[in-house]
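Asks: below is the sequence, then the predicted model.
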Amino acid sequence: MAKINPSFGKELKKYGAINFNACYNCGNCTAVCSLSTEDVSFPREMVRVSTLGLEDEIQSSLKPWECYYCGECSTHCPQEANPGELMMSLRRYLTAKYDWTGLSGLMYKSLPLTISAFVLSLIGVLYFAFSVNFDLEKMVHWGHLFEMIAIGTVGFVILLPNVARMWWLTILKPGTKVPFKKYVSSIGELIVHMFTQKRALGCDDNQLRWFEHFIMVIGYLSLLFTTVFLNWFSSEYLIVTLFGYLVSTIVFVVTFDFVLSRIKKKKQISKHSQPSDWFFVIWLFLMGLSAFMVRLFIDLDLLESNKWLYLVHLTVLVQWALIIVPFGKWTHFLYRSFAMYFAKLKA
Amino acid sequence: MKKKKIGVYICHCGGNISDYVDVEKVRQAVEGEDIVFLAKTTMFACSDANQREMVNDIEANGLTSVVVASCSPKLHLLTFRNVSQRANLNKYTYVHANIREQASWAHSDNKIGATEKAIHLVKAAIAKANYAEALESNKVKAQKSVAIIGAGVAGMKAAISLSNKDCEVILIEKEPFVGGRVAQWNSLSTTTETGKEIVKRLYDDLITRDNITICTNSEVISNKGSVGNFTLKIKTTPRYIRQSFHPEDLTRAIEVCPVSVPDEFNFRLTQRKAIYKNYPGEYPQTPVIDIKNCTRCGACEKVCPAVDFNEKEEITEITVGSVLMATGFDPYTPGYGEFGYATSENVITLPQFKRLIDEQSGTLVYKGKVIKNIAYIYCVGSRQTKGDNTYCSRNCCTSTIHAAVTAKSKFPDINNFHFNRGLRTYGKQEILYADSLRSGDIYLQSYEDGLPTVTIEGNKTIVKINDILTNGKEIEVEADLVVLVTGMVPRADNKVGTLFKLPKGRDKFYNEIHMKLRPVETVIDGVTIAGACQGPKNIAESVNSALSAATKSYSIISKGELESEPLVAIIDQDKCTWCGACEKACPFDAILKVEDKGKIVAEINNSVCKGCGMCAPVCEPDAINVTACSSTEIMSMIDTLV
Ligand SMILES: Cc1cc2nc3c(=O)[nH]c(=O)nc-3n(C[C@H](O)[C@H](O)[C@H](O)COP(=O)(O)OP(=O)(O)OC[C@H]3O[C@@H](n4cnc5c(N)ncnc54)[C@H](O)[C@@H]3O)c2cc1C
Ligand code: SF4
Ligand code: SF4
């Protein structure tokens, strides 16, 4: 037995859904979707449960994560109900629901709140710089330390509990029984999807976008590794230095293309950008670029006279690590791969 | 008898015939016959070129008769009769052979057999042509006037159309006011005009026309005669109020009337007085006293001098050439307990709901309760699997969505839930459906075997459905108001239909001869049908059919004279002994019992007889012959065939 909640539509619109209640259930979207299968059929089903506002159904569903948004469904929808964008907004909604702090939801729904958080981080960085008298060495040292602490804290305090909540909502709560052995034997699924996003290749004509995304992820993870664990900014090794240059370049070049396509709005996927999408791509771009510039200025011995550059980099980094990673779009990296893992468990 | 010279034309029908029947072989088989003067094959017998060639052949060779072997006579009998006429041959000498439906299409699996059968059919037609006689059409004088029964949109529109031609129109309306159902609807789907505005516009037009007589409060009580000359008796009930009156006096009179009866105009949602008017702008403007419910207390008479209880019922007799039936429909009344009807006070019908939202503003309140959730249950009384009404009422989906959208714009706090069985918002009505979806209306769907249920739990009304759009999941809505989307049914009062012996279809609405080929004619010659009395229709469809029926009715009588087929039964009154068997056999009431030279005999009403031949075989003394199907003709055909 399910009760309809007609006001759910209004809630979902705050997460970016547009006009999905215009759907008249023709099923064209599901028919053209190259990832939908007979057993796991979408997006019409998700449009339907959203229209009726069956929140339990939505929260226990992994389908939103199984969509990789090629946008074919929206192109073919005769009612312009934007099923693709609905799936996207469901991912935002789910991200908010998985987050135990509730901050994700607040930030998705309120741009002023998000901006305040960014401003606050900026003030924090400036305060810190004052307190160390703009001493470059100290700033770089503490900056590096901050990165390590932030990764650990965000990972253990926010992300891990959220993934556990996702597991509870999608597996435990609906009463799916999974033997422990299956958890172990399916772990490969998690690793493969996390590092390759290979499911995105299932979308028609998606090779280029998949490749860009793939090298961007590898580039990003490597940059993280180089700066945090190899301490790129202070490293003496040529090989580390060059590697750092390479991966940061990859990050800002690819994200530049992503930003550009969101501005051009040519492809279905980049037609409707929410603030969270803009922050994600722009900050990733700024991260890659500012890291590249900082190291370049170090190598050219210019940083001492251009401390502001490091401050810019640090601000971007802090905002990224404290806002976008735990409460913004970054989490899709985790939820997508865990969704594939959980789907395997459920199958 | 002069020897006949017959021309035979065998058609390929572009391959429809010649792919299976060897038409050349057919030609050779008949060419040698004694009376056949020429035999030709042709790609398309009906083409202009071939028709011209036929005319030339007839005129140049002095042919006495023509046979075309082609498709069904339903399609082209008239075409080739006209060809004969154009070549100055009597058109009834033409004989048709159907070798498409009866040979090539029927025997596409056996080409040799099909060819053989075609040869037989053509030879039989030639045999008939040998005896075919020149005949003259029957002529009857026709009244150039039309009686229209029912002054709904269909009737009014038909009246205007007929009045544009030179034709007298008598518009007969049973109710005291014109407009039919449309006067009851305020806002309408697919038009910005309200129902009342449409009625006013039509009425304003009607009364400016000299050749239209409007009789309200009137009913046809008897009908005699036939096409061209129907004699009708009309009974007019008085209004008991004189034409000239003081509006204030009348308002007072309505106020003081002590009687209170359920108001049918508002589908019994409210009460009205015995002296009443349905709405201020109603036509005709004079109110009426409902004498059946009036107690004759005289209260109104005292305050309004225009009240006149001495007015008398009138019977008028008119003769018209044609009758146009536009008596409309009734909304379906749900059975006791059907989806909670009459057993729950939160359940009403769509017409009631339309009146309800028309009457209110601000917040929607029903029986003192503020309404938030409205559940519409579709197809109530239509598309039944258990009852007789298997048809779809066509307009209710659109009307409901329109009512829901209107309600939502008037009362923004409501939620609309549509429990449907697949929507039929055809054509531009689809836009309305899209609007409704965008405004947040929710649609739930089932098949006929999983209809929604309405249960009453305390003071809550719960509607449940296994929604096929959500994988058959059981979904429930707590509804403050349940609106049953009742469809259209034929008028409960069918006295007038019985009077004219109008046939009904499976849906029990009046039936046309052929849905596509003769959509407004009935088998009763001279009686046409229009609007929703023929089956569920919206206004545009009703008006279309009204214009079509008006044109048809006019075309029957426009010449002031009727020409009817001479193919009728003929009674040999010497042989006739009046046993009455033929009268019973005739499906068209064409047989009259008359006295001739001191003897009771049968007589044929030529303008009604269709020459179907049902009477001939039942006549014991063999006193009946059917023109163009004389025993000689039929026997000669049989001889050729066997
Ligand atoms: C709830 C509802 C909502 C609707 N909404 C719309 C809409 O929004 N848009 C739209 O296009 N259509 C709508 N329709 C359809 C519309 O009402 C019909 O198409 C229209 O009324 C048909 O007109 P009519 O003249 O054929 O019949 P009617 O309107 O039924 O008129 C027939 C007339 O004949 C009279 N009559 C009956 N019997 C006799 C008799 N024996 N002698 C003399 N007179 C007689 C009646 O009193 C009546 O005045 C709706 C229908 C319903 C039920
Ligand atoms: S294509 Fe559009 S209208 Fe059709 S089911 Fe999908 S979302 Fe609904
Ligand atoms: S028009 Fe719609 S509600 Fe009416 S009978 Fe047909 S399908 Fe049912």
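Replies: All right, it came through fine. Ligands and ions are numbered 1, 2, ... in the order given.

Asks: going forward, measure contacts and count neighbours with C-alpha atoms only.
Replies: Will do.

Asks: how about the residues of chain A by ligand 2?
Replies: A:23-29, A:44, A:77-79, A:81, A:83 (CA under 6 Å from any ligand atom).

Asks: buried ones among these?
Replies: A:23-25, A:28-29, A:44, A:77, A:79, A:81, A:83 (16 or more other CA atoms under 10 Å in any protein chain shown).

Asks: of the residues you listed, which pair is most distant in space?
Replies: A:44 and A:79 (12.4 Å; CA to CA).

Asks: rewinding a little: show me the buried ones among the residues of chain A next to ligand 2 that map onto helices.
Replies: Judged by DSSP state H, these include A:28-29, A:44, A:83 as members of helices.

Asks: just the helices from the stretch 101-250 of chain A, written as ranges.
Replies: Using DSSP state H, counting those that start in this stretch, the helices of the stretch 101-250 of chain A run over residues A:103-109, A:111-131, A:136-153, A:160-167, A:180-185, A:187-196, A:207-228, A:238-264.

Asks: buried deepest among the ones you listed, which one?
Replies: helix A:103-109 (a mean of 21; mean count of other CA atoms under 10 Å in any protein chain shown).

Asks: run through the neighbouring helices and strands of it.
Replies: helix A:83-98, helix A:111-131, helix A:325-327 (3 or more CA pairs under 8 Å, 6 or more residues apart in numbering or on different chains; DSSP states H and E).

Asks: tell me how far it lies from the chain's centre.
Replies: Its chain's C-alpha centre and that of helix A:103-109 lie 14 Å apart, by CA atoms, centre = their mean, to the nearest Å.

Asks: contacting residues around it?
Replies: Applying CA atoms under 8 Å, 6 or more residues apart in numbering or on different chains, the contact partners of helix A:103-109 are A:14-15, A:92-93, A:95-97, A:99, A:113-114, A:275-276, A:326-328.

Asks: at 10 Å what do you get?
Replies: A:11-16, A:89, A:92-99, A:110, A:113-117, A:274-276, A:323-324, A:326-329 (CA atoms under 10 Å, 6 or more residues apart in numbering or on different chains).

Asks: who in chain A is up against chain B?
Replies: A:1-7, A:9-10, A:19-26, A:44-46, A:48-49, A:51-52, A:54, A:79, A:81 (CA under 10 Å from any CA of the partner chain).

Asks: of those residues, keep whichever come out buried.
Replies: Applying 16+ other CA under 10 Å to those flags A:2, A:4, A:6, A:9, A:19-25, A:44-46, A:48-49, A:51-52, A:54, A:79, A:81 as buried.

Asks: show me the contacts for whatever residue of the stretch 51-200 of chain A ends up closest to ligand 3.
Replies: Taking CA to the nearest ligand atom as the measure, the stretch 51-200 of chain A has residue A:79 as its residue closest to ligand 3, at 20.5 Å. When contacts are counted by CA under 10 Å, 6+ apart, residue A:79 touches A:19-26, B:434, B:437-438.

Asks: what do you get if the cut-off is 8 Å, keeping everything else the same?
Replies: Contacts of residue A:79 by CA under 8 Å, 6+ apart are A:22-24, B:434.

Asks: for residue A:174, same thing?
Replies: Residue A:174 touches residue A:60, counting by CA under 8 Å, 6+ apart.

Asks: any idea how far whatever residue of chain A ends up closest to ligand 3 lies from residue B:472?
Replies: Chain A approaches ligand 3 most closely through residue A:24 (15.4 Å), counting by CA to the nearest ligand atom. Noted for residue A:24: a distance of 16 Å to residue B:472, by CA to CA, to the nearest Å.

Asks: thank you kindly, that will do.
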